[in-house]
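S.K.: curious how this folds, go ahead:
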Amino acid sequence: MNDRAVELLEQYEIEVLRTRKGRGAILCETSQGSLILKEYAGSQERIELQDRLLKQVAQAGLVQVERIVPDREGALFVKDNDGVKYVLKTWQDGRECSIHDRGECVEAVRLLARLHENMTLPSDKPGLPSAFSVEKEYEKRNRELKRVRNYLQQKKQKSWFELSLRRALDSFLEQAQTVTEEWKEYAGLLAEDTAEAGKTAGGRESGGRISFCHGDYQYHNILQGGSGWLLVNFEKYIRDNPVRDLYLLLRKLLEKENWSVSLGAELLEAYEKERPVSAHSRIDLYYRLAYPEKFWKIANFYYNSGKAWIPGKNQEKLERVIAQEQEKQHFLDEVFRDISRLR
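M.R.: Modelled structure (predicted):
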């Protein structure tokens, strides 16, 4: 973010009182309150859909979300002389949701459930993006894990991290493949049942509505300020089952709490008090949690990074994932003990 970007603010119907640099953005105090100017990498169609979703959520009044501020001509983003796009959004000074405060974690889940209530659009709206495919994503990740295994098998001299990764890889890859095959089998049966009933498969688009997710719902994007909680950074929104957001938040929180059964159960209960989770969505959530995503992230990051020097942080992350695996499986067994019956 360069200083020239500040000049772009002249294209808006606002009075800028002062600016300061933030993390990859410019924070602005203006006649319309606090705003934030950030680079935007998406398309015109994508930001228009984002704006529509945000306005719909705001109109419902169940949760506060950021708002895209149009320029004087009504455009949702502006460009600098190099063609780089920027978007101006509402903001509030405050702090991120505390992952160490159980009450705030529960509130974050409640806010998510209220958000999801209004993140749907009519299925007959033209130009909507394709739905995310869990099966295709897991198959892609499994291929990447196999590439890492093949690379390590052929590598003669291995560091301590590489030895640890290789020892753990077979077990986690087998787990990833099992989850993928079970999910594909379940999804196939569900598609047959819903086709017979004349409905859209997956239950994601029942009642002629299509569901969207925040796409990056974690504590960094849940801000507490003078006006209460504000949800920000919707640029990664995606058409998918709403449990995608719930899964991401749960995984982030539970990894830091060693997969606490009591915390996980409390968070799920808080969500369902606001928005009940269907049997299909509960199964979907189970498989997303069961897939070894954190291990895949570590392995994939290693494979696609320079290997001359491997940060000690990578070893710590790997050891933590391996050490937590027993607790994670216990969590899944306890909190999702009804999955076999639901399937």
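
S.K.: can you show me the strands along the stretch 1-150 of the chain?
M.R.: Secondary structure of the stretch 1-150 of the chain (DSSP state E, counting those that start in this stretch): strands at 16-22, 25-30, 33-39, 78-79, 85-90, 94-96, 120-122.

S.K.: for Ile210, phi and psi?
M.R.: In terms of degrees, to the nearest 10, the main-chain angles of Ile210 are phi -110, psi 130.

S.K.: circling back: adding distance to Arg282, mean neighbour count and mean pLDDT, write the strands of the stretch 1-150 of the chain out as JSON lines.
M.R.: Any C-beta I mention is one placed from the backbone N, CA and C, and that applies to glycine too. Shown next, in JSON lines, are those (distance: least, Cβ to Cβ, whole Å; neighbours: other Cβ atoms under 10 Å; pLDDT from 0 to 100):
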{"stretch": "strand 16-22", "distance to Arg282": "38", "mean neighbour count": "12", "mean pLDDT": "88"}
{"stretch": "strand 25-30", "distance to Arg282": "37", "mean neighbour count": "19", "mean pLDDT": "92"}
{"stretch": "strand 33-39", "distance to Arg282": "36", "mean neighbour count": "19", "mean pLDDT": "94"}
{"stretch": "strand 78-79", "distance to Arg282": "44", "mean neighbour count": "18", "mean pLDDT": "95"}
{"stretch": "strand 85-90", "distance to Arg282": "34", "mean neighbour count": "22", "mean pLDDT": "96"}
{"stretch": "strand 94-96", "distance to Arg282": "29", "mean neighbour count": "13", "mean pLDDT": "92"}
{"stretch": "strand 120-122", "distance to Arg282": "19", "mean neighbour count": "16", "mean pLDDT": "94"}
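
S.K.: ok, which of the ones you listed comes nearest Trp259?
M.R.: Of all these, strand 94-96 sits nearest to Trp259, with 22.2 Å by Cβ to Cβ.

S.K.: residues touching that closest one, excluding its own?
M.R.: If you take Cβ atoms under 8 Å, 6 or more residues apart in numbering as the criterion, strand 94-96 is touched by 219-220, 222-226, 230.

S.K.: just to revisit the earlier point, including distance to Ala108, could the strands of the stretch 1-150 of the chain go into JSON lines?
M.R.: Formatted as JSON lines, those follow (distance: least, Cβ to Cβ, whole Å):
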{"stretch": "strand 16-22", "distance to Ala108": "22"}
{"stretch": "strand 25-30", "distance to Ala108": "22"}
{"stretch": "strand 33-39", "distance to Ala108": "21"}
{"stretch": "strand 78-79", "distance to Ala108": "32"}
{"stretch": "strand 85-90", "distance to Ala108": "20"}
{"stretch": "strand 94-96", "distance to Ala108": "10"}
{"stretch": "strand 120-122", "distance to Ala108": "21"}
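
S.K.: let me know the closest of the contacts of strand 94-96 to Glu162.
M.R.: Closest to Glu162, out of all of those and judged by Cβ to Cβ, is His220, at 30.8 Å.

S.K.: any idea how far the closest residue to the closest one other than its chain neighbours lies from Thr30?
M.R.: If the residues on either side of it in the chain are set aside, His220 comes closest to Glu96, at 5.6 Å by Cβ to Cβ, 6 or more residues apart in numbering. Distance, Glu96 to Thr30, by Cβ to Cβ, to the nearest Å: 23 Å.

S.K.: so which residue is dead centre in the protein?
M.R.: Centroid-nearest residue in the chain: Asp216, 3.0 Å away (criterion: Cα atoms, centre = their mean).

S.K.: quick check, that residue in a helix?
M.R.: No. Using DSSP: H, G, I helix; E, B strand; the rest coil, the assignment for Asp216 is coil, not a helix.

S.K.: out of the contacts of strand 94-96, which end up buried?
M.R.: Burial by neighbour count, judged by 16 or more other Cβ atoms under 10 Å, picks out 219, 222-224, 230 from the contacts of strand 94-96.
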